[in-house]
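Chemist: Fold the following.
(chains A and B)
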2 protein chains.
Amino acid sequence: MAVIAIVGAGMMGSALSTPLVDNGHEVRLVGSPLDHEIVRALKAGEAHPKLRAPVPGVRPYFVEELSAALRDADAVALGVSSAGVSWAASALASELSRAPRPVLMISKGLVWRESKLHVLPDVFQASLPPAAAEQISPVGVAGPCIAGELLRRVPTSIVFTGRSPQACDAWRALARGPYYFVHHEPDVVGAETCAALKNAFAMGVGFGAGVHEARGGGSGSVAYHNYESGVFAQAILEMQRVVELCGGEARTAVGLPGTGDLTVTCNGGRTGRFGKWLGLGLSLDQAIEKMEGATLECLEVLRELDLALDGWDMSRATEPGELPLLRHLTDVALRGASVAVPFERFGR
Amino acid sequence: MAVIAIVGAGMMGSALSTPLVDNGHEVRLVGSPLDHEIVRALKAGEAHPKLRAPVPGVRPYFVEELSAALRDADAVALGVSSAGVSWAASALASELSRAPRPVLMISKGLVWRESKLHVLPDVFQASLPPAAAEQISPVGVAGPCIAGELLRRVPTSIVFTGRSPQACDAWRALARGPYYFVHHEPDVVGAETCAALKNAFAMGVGFGAGVHEARGGGSGSVAYHNYESGVFAQAILEMQRVVELCGGEARTAVGLPGTGDLTVTCNGGRTGRFGKWLGLGLSLDQAIEKMEGATLECLEVLRELDLALDGWDMSRATEPGELPLLRHLTDVALRGASVAVPFERFGR
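Modeler: As a prediction, the model looks like this:
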């Protein structure tokens, strides 16, 4: 059995401990600088404040105890927010240089830099000192997974993805189990791009519930599902296109990282609720206020995609009018445009 | 403006009248032999008994009045059940032979015959007398559309698909409008196969809610979405494979006919409810009884797919173990196997 350090004690980082603990590993859950209250609660034997449930079997560490937690760990998982990836790279640099280990990235996001959209495993690797970067090929995890469900051992199917099949296999051997089904996906750019994009598109699917309510409708089997499904289908088509523009394979948007993760995000989460407020006619600021400080990954990823669209348009990688849904989402989320989904321009 | 006859006064046939009436056409809604009560209600100015809402602007006809309704109609839509397609072919034969017209097929299904899985537009065309069959290339409609929502003018995106672009264009010009977005899909085998398959796979996605309830869970954002989304993603992968086996293009399962229609079917309908009863542990007979006589398209299509799987296995078109989800669905729905989704065998 192995010693595994998870850095970042948010919902997904913490939930990943469940299959690892069940496999008999020693799991150390290390808070980021933002996770002090979570670690305090876990050390006191209380429920995880965000998951609202205990996280059994883990050993909690404050960020100040990071070195001790990492020292003899056989593998490291990163569950920090996308904004925390550069902090993590510098915090882990010396330990990973001293002893390179398989690294799993739970963090999701995209970064536009030097006319290219980068996925986080590449961003993290590039931020490491050369000695560590040469020996570590981070593994990403993508696919449909609500943290609170993994914590309760709901059957969960995801992919581990990375440029090194060995690193993927190492993490797969540690984590897979009777309710955590881990598949291997070699297309890391495609899988990680989908994992980030799903938040943006789930916001768009969420518009439907708001427009429906604005028109006086209630919930039920006859609601605004035709609208939502039209947006959903276009989202997958545009995911395929964005994946291609990033250098990944369109097919990757079809399986767990694309259709699977978009489905779960539309059903389970805050991004859809945020989209609903916008569809209801609230201004951007009003909608953000309604979310009471929740992290809105959709806004973070749409900011990078907006830069990317400008870059692709200028280099003529994209044609004018291509990706009509994504362009509308950036207009709504970044420039306060009203929700008016351009269905007539949809199609492949 | 045109005169359009819709044959079959069920939910979807009746709802198609809304965009046609709004476009100023004269729309004649002709009941099948099973629709007497529906036509009586509409003639009396009452609500449609299945849609539970009025169908404004249509002219209702009993099946005995079929000839009069068809005589000077410019176009014909078929909204009968899949089992009613051969009745429709013989009932319409003489009128369509006398004056061939653009035909739209709303009916969905697959028929295994002579070692091949056939889509309904082809089945219908083959059932017509040669004179009519030569001149009519039926157009199919596929994509996410809940009838009750179309009736209420919820924005709806679908495809018209067929071997004749002219026939597709003719129907598109009649039907498209400000809330009915009609795209053209040349891959009729792919689109129609997806439209039929979605009922089978939606049953499988529905298992999740039942297994969750059997484990004591309630509804909410933390429920059994990881399970459902894992099945959903696999469903799209297997749709692609079945489409290929039928001679269509895998990409067709990605847009409106595949991802779009499966999403809406999982959210809106009776098929998911049937799957839930099975996931809860009810026997096949008990689950059917719970549905109180509702037509279960999933059972009809799974019977044909079961024959197809046998045929493909024998001819080695499929490898043993390929399509694990679909095989499990046939075992559950046709042979009373318990629900035990083989997640570990999923993947492309």
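
Chemist: the longest helix in chain A is where?
Modeler: Across chain A, the longest stretch assigned as helix under DSSP state H is helix A:188-214.

Chemist: Show me what counts as buried in that helix.
Modeler: Residues A:188-213 are the ones in helix A:188-214 that count as buried (16 or more other Cβ atoms under 10 Å in any protein chain shown). Using the backbone N, CA and C atoms, a C-beta is placed for each residue, glycine as well.

Chemist: after it comes which helix or strand?
Modeler: Of the helices and strands lying after helix A:188-214 in sequence (DSSP states H and E), the nearest is helix A:225-245.

Chemist: Who are the packing partners of that following helix?
Modeler: helix A:188-214, helix A:261-268, helix A:297-314, helix A:324-335, helix B:147-151, strand B:156-161, helix B:261-268 (3 or more Cβ pairs under 8 Å, 6 or more residues apart in numbering or on different chains; DSSP states H and E).

Chemist: same thing but at 6 Å, please
Modeler: In this structure, helix A:225-245 makes packing contacts with helix A:188-214, helix A:324-335, helix B:261-268, judged by 3 or more Cβ pairs under 6 Å, 6 or more residues apart in numbering or on different chains; DSSP states H and E.

Chemist: how far out from the middle of the chain is the longest one?
Modeler: Pointing back at helix A:188-214 there. Remark: helix A:188-214 is offset 12 Å from the chain centroid, using Cα atoms, centre = their mean, to the nearest Å.

Chemist: Is it positioned near chain B?
Modeler: No - for a cut-off given as Cβ under 6 Å from any Cβ of the partner chain, helix A:188-214 has no contacts with chain B; the smallest distance is 7.7 Å.

Chemist: what helices or strands is that helix leaning on?
Modeler: strand A:139-142, strand A:156-161, helix A:225-245, helix A:261-268, helix A:270-279, helix A:297-314.

Chemist: Please identify the deepest-packed of the ones you listed.
Modeler: Looking across the helices and strands packed on helix A:188-214 with neighbours counted as mean count of other Cβ atoms under 10 Å in any protein chain shown, the highest average goes to strand A:139-142: a mean of 29.

Chemist: partners of it in the sheet?
Modeler: As defined by DSSP bridges, the strand partners of strand A:139-142 come to strand A:103-105 (parallel), strand A:156-161 (antiparallel).

Chemist: what angle sits between the last one and helix A:261-268?
Modeler: Relative orientation of strand A:156-161 versus helix A:261-268 (axes from the mean of the first three to the mean of the last three Cα atoms, to 10 degrees): 140 degrees.

Chemist: quick one, the next helix or strand after strand A:156-161 and helix A:188-214 angle?
Modeler: Reading on from strand A:156-161 to the C-terminus, the next helix or strand found by DSSP H and E is helix A:165-175. Counting by the same axes, to 10 degrees, helix A:165-175 lies at 60 degrees to helix A:188-214.

Chemist: Just list what helix A:165-175 packs against, helices and strands only.
Modeler: Counting by 3+ Cβ pairs under 6 Å, 6+ apart, helix A:165-175 packs on strand A:139-142, strand A:156-161, strand A:180-185.

Chemist: Now do that helix, average pLDDT.
Modeler: Averaged over helix A:165-175, pLDDT sits at 97.

Chemist: for stretch A:313-330, same thing?
Modeler: 96.

Chemist: Mind checking if it is in reach of chain B?
Modeler: No - taking Cβ under 6 Å from any Cβ as the criterion, stretch A:313-330 and chain B are apart, separated by no less than 11.3 Å.

Chemist: Can you get me the start-to-end distance on that stretch?
Modeler: 15 Å (Cα to Cα, to the nearest Å).

Chemist: The most centrally placed residue in chain A: what secondary structure?
Modeler: By Cα atoms, centre = their mean, chain A has its centre lying nearest to A:K108, at 3.5 Å. Three-state call for A:K108 (DSSP: H, G, I helix; E, B strand; the rest coil): coil.

Chemist: what's the answer for the one 10 residues further on, then?
Modeler: Secondary structure for A:H118, judged by three-state DSSP, is strand.

Chemist: can you tell me the helix or strand for the residue lying closest to it once chain neighbours are set aside?
Modeler: With Cβ to Cβ, 6 or more residues apart in numbering or on different chains as the criterion, A:H118 has its nearest non-adjacent residue at 4.8 Å, and that residue is A:V111. Element membership of A:V111, judged by DSSP H and E, is strand A:110-113.

Chemist: what's next to the host helix or strand of A:L29, contact-wise?
Modeler: Counting by DSSP H and E, the element that carries A:L29 is strand A:26-30. With Cβ atoms under 6 Å, 6 or more residues apart in numbering or on different chains as the test, strand A:26-30 has contacts from A:3-7, A:9, A:17, A:20-21, A:58-61, A:66, A:69.

Chemist: Check stretch A:45-63 too.
Modeler: With Cβ under 6 Å, 6+ apart as the test, stretch A:45-63 has contacts from A:11, A:14, A:17, A:21, A:27-31, A:33, A:38-39, A:41-43, A:69, A:148, A:151.

Chemist: In PyMOL, how would I select just the buried ones from those?
Modeler: To isolate the buried members of the contacts of stretch A:45-63 in PyMOL, using 16+ other Cβ under 10 Å:
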select buried, chain A and resi 11+14+17+21+27+28+29+30+31+38+39+41+42+69+148+151
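
Chemist: sorry, back to before: lowest-confidence stretch among the helices and strands packed on helix A:188-214?
Modeler: Per-stretch mean pLDDT for these is lowest at helix A:261-268 (a mean of 88).
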